[in-house]
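A.B. asks: below: sequence and its predicted model.
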Amino acid sequence: MNPRLYDGASATIRLLMRTLWRARAFGTANVPLDGPVIVACNHVSYLDPPGMGCFAPRRLAFMAKRELFAIPLLGAGIRAVGAFPVDRTGSPLAAIKASLAVLRAGGAVGIFPEGTRNRDGSVRPQTGVALLAAMAAAPVVPACILGSERALRFPAIKVGFGPPLRLPPGRKATHDDLAKFTDEIMAAIAALAEKIGADS
């Protein structure tokens, strides 16, 4: 990650978000400013990674589908700001290793638990976020972005961050633990969306 490029891009996107979409952020104080953390967000639009990331109070390294890295300029640009590829149809091992490297270095990773855009709620979340949280002993901050699915109509967009969630300490997480924690994360994202959606 190129910190200067990341910060410059983030400031530019934040200005655009506030100008074009009247974007507002809620709960940024819930994101720990140091130490490993995973920020898990809903996903309904291509605008979500930059739109949510620019309001996070620290730099986030995002997983992104590997096809994006093959696009000229875009691939180089997102790699420069810390994104790393995930193969959604093959082995996720490389993406898991890249995520763990960021977290074990005390960094922050941004992830969309559904693994793809999910406008109608039909995509089941994957347990990868919970697995990473267990392997890196990292808290998970639930996050949401509202309005981005209608971005071309320039609605008011809201971005929210909730209190960190943690797996029970002191023992190795089982498959059942990971499934339950995934459900807990998604429930927290839904509750956060309802809360900030009702906030005027």
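C.D. replies: Arrived safely. Numbering: from 1, shown residues only.

A.B. asks: and the lengthiest strand in the chain, what does it pack onto?
C.D. replies: When the chain is scanned for its longest strand (criterion: DSSP state E), the result is strand 140-146. Strand 140-146 makes packing contacts with strand 37-41, helix 48-53, helix 128-136, strand 158-161, helix 175-198 when contacts are defined by 3 or more C-beta pairs under 8 Å, 6 or more residues apart in numbering; DSSP states H and E. All C-beta spots, glycine's among them, are computed from the backbone N, C-alpha and C.

A.B. asks: looking at the ones you listed, which is closest to residue 6?
C.D. replies: Closest approach to residue 6 among these (C-beta to C-beta): helix 48-53, 9.0 Å.

A.B. asks: which of the residues in the helix or strand that that closest one is followed by are buried?
C.D. replies: Next along the chain after helix 48-53, taking DSSP states H and E as the criterion, comes strand 61-65. Buried residues in strand 61-65, counting neighbours by 16 or more other C-beta atoms under 10 Å, are found at 61, 62, 63, 64.

A.B. asks: please tell me how far the first one sits from residue 138.
C.D. replies: To tie it back to what came earlier, the one meant is residue 61. 13 Å (C-beta to C-beta, to the nearest Å).

A.B. asks: could you point out where this structure is predicted with low confidence?
C.D. replies: Counting by pLDDT under 70, the low-confidence segments of the chain come to 88-91, 115-125, 198-200.

A.B. asks: give me the number of residues near the residue lying closest to residue 175 once chain neighbours are set aside?
C.D. replies: What sits nearest to residue 175 in space, not counting adjacent residues and going by C-beta to C-beta, 6 or more residues apart in numbering, is residue 127, at 8.0 Å. By the criterion of other C-beta atoms under 10 Å, residue 127 has 20 neighbours.

A.B. asks: next: residue 136.
C.D. replies: Neighbourhood size, residue 136 [other C-beta under 10 Å]: 18.

A.B. asks: all set, thanks.
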